[in-house]
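Sharing a sequence plus its predicted fold:
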Amino acid sequence: MNISSLLIHLHNNVDAFTLKLRHLELIRASLPDVRITVAEGNRDFMEKLPEADCALVWVFKAEWYSSAPLLKALFTPAAGHDWVAQDRSGRVRTFYGRFHGRIMRESLLSMMLYFNRRMGKSRDDQQNRSWGRLQYSGCTSLFSQRVLIVGFGALGRSMAELLSAFGARVIGVKRDVTEIGENPAVDTMITFDRMEEELPHADHVVLLLPGGAATDGIFTARHFSAMKPGAHLYNLGRGNCYREEDLIGALTDGPLGGAGLDVFAEEPLPPTSPLWREPNILITPHSSAISREYIDLFIQEWLETLRGL
């Protein structure tokens, strides 16, 4: 796609999600004939939008497309559609980030190793100056385990590649598996209605589901009850896919051995939430994709996509 006027508005309260000088220099070197404008704020962005034929943004509302008569393509680093609406008319092509797996799979792996290698106990032993070596015989290794990835899209594929390299057996869960080609990192692909057959065998269950009405409470108390005793659950998708009361019940009275949670029904997670007090929960503050390389990966993906259009 040939563009002549690029408008960038990538300000974010997370520093790693904000455009830096090195990114701007790379864009200028890659597109020497394109007029590049970096918006100073929301008002400046809206004033410059009518002249742009391509934009890089964090936020774009549906009604703004009418203010952008020259716009051909809109790109956002975000994977979800929470902040950038698609153009209902179809005039402007809207592209969402697909690079997150390279970062988030490391976050998932760190959570899994935290539980498998009992790193919480190691930290406690260190603080207590206790040489608790005899209590580590229950440690397990990924090469002997099964991982069920629920919501097998671009993120799931990237995570499967890493986990399979460790020897784990990976089962992917997707509503429609007819579009999925052969993937050497995945042992089996199943539809959501077959998930309860696999839950009793999975050592790790990874939720990568998007938000929205279609996934509200989709992982139920029945699913938690079907999980393998001692299994671990991880949520790096959205916090609406189960009731947090069901999760706590599965930890205290059910089969769940622990949970690594990056997303929650309410964010920030309130100080009053009982999740904070659960000893077998590892909490991260919706940070599984935060990395210094975040915008670097986005710019690289954007430039590759632009060349292919």
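Ah, there it is. Residues are numbered from 1 along each chain as shown.

Going by C-alpha atoms from here, please, whenever you check contacts or count neighbours.
OK.

What's the per-residue pLDDT of residue 180 here?
For residue 180, the model assigns a pLDDT of 67.

swap that for residue 183, sorry
89.

Would you map out the domains in the chain?
Split into domains by automatic domain parsing, the chain comes to 5-99+292-308, 101-283.

can those go into a markdown table with extra columns for mean neighbour count?
Below are the domains of the chain laid out as a markdown table (neighbours: other CA atoms under 10 Å):
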| stretch | mean neighbour count |
| --- | --- |
| domain 5-99+292-308 | 16 |
| domain 101-283 | 17 |
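
Residues touching stretch 243-258, excluding its own?
With CA atoms under 8 Å, 6 or more residues apart in numbering as the test, stretch 243-258 has contacts from 115, 217, 220-221, 224-225, 227-233, 265, 275, 278, 280-282.

In helices, which of those residues fall?
Taking DSSP state H, the ones among these that sit in helices are 115, 221, 224-225.

Closest one of the residues you listed to residue 303?
Distances from residue 303 to these, taken as CA to CA, are shortest for residue 115 (38.5 Å).

check contacts around residue 235.
Here residue 235 is in contact with 206-208, 260-263 (CA under 8 Å, 6+ apart).

Oh, that last question was meant for residue 8, not what I typed.
Here residue 8 is in contact with 36-39, 55-57 (criterion: CA under 8 Å, 6+ apart).

Please repeat the previous calculation with a cut-off of 7 Å.
Residue 8 makes contact with 37-39, 55-57 under the criterion CA atoms under 7 Å, 6 or more residues apart in numbering.

Show me what it is bridged to.
In this entry, residue 8 is beta-bridged to residue 38, residue 56, by DSSP bridges.

Use 691 as the first number from now on
In the new count, where the first residue is 691, that last one comes out as residue 698.

quick one: it and residue 746, what's the gap?
In this view, residue 698 and residue 746 are 5 Å apart by CA to CA, to the nearest Å.

try residue 758
On the measure of CA to CA, residue 758 and residue 746 end up 13 Å apart.

Residue 881 now?
35 Å.

Equivalent analysis for residue 961, please.
35 Å.

can you check residue 880 too?
From residue 880 across to residue 746, the span is 36 Å (CA to CA).

again with residue 908
Taken as CA to CA, the span from residue 908 to residue 746 is 33 Å.

How about the contacts made by residue 879?
861-863, 867.

Would you list the strands that the helix or strand in which it is found pairs with, along with their directions?
Assigned by DSSP states H and E, residue 879 belongs to strand 878-880. In the sheet, strand 878-880 lines up against strand 859-863 (parallel) (DSSP bridges).

In CSV, please show the C-alpha coordinates belonging to the partner strand.
Presented in CSV, the C-alpha positions along strand 859-863 are these (Å, rounded to 0.1, in the frame of the first residue of the first chain):
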residue,chain,number,x,y,z
ARG,A,859,2.1,-32.0,24.9
VAL,A,860,-0.2,-29.2,23.7
ILE,A,861,-4.0,-29.5,23.0
GLY,A,862,-5.6,-26.5,21.4
VAL,A,863,-9.3,-25.5,21.9
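
What lies in contact with it?
So strand 859-863 is in contact with 835-842, 850, 854, 876-882, going by CA under 7 Å, 6+ apart.

give me that answer again for 6 Å
836-842, 876-882 (CA atoms under 6 Å, 6 or more residues apart in numbering).

swap in stretch 795-813?
829-830, 849, 978.

what's the answer for stretch 832-851, then?
So stretch 832-851 is contacted by 791, 795, 856-864, 875, 892-899 (CA under 6 Å, 6+ apart).

Mind checking which of those land in helices?
791, 795.

pretty sure residue 941 is in a helix, no?
Yes - assessed with DSSP: H, G, I helix; E, B strand; the rest coil, residue 941 lies in a helix.
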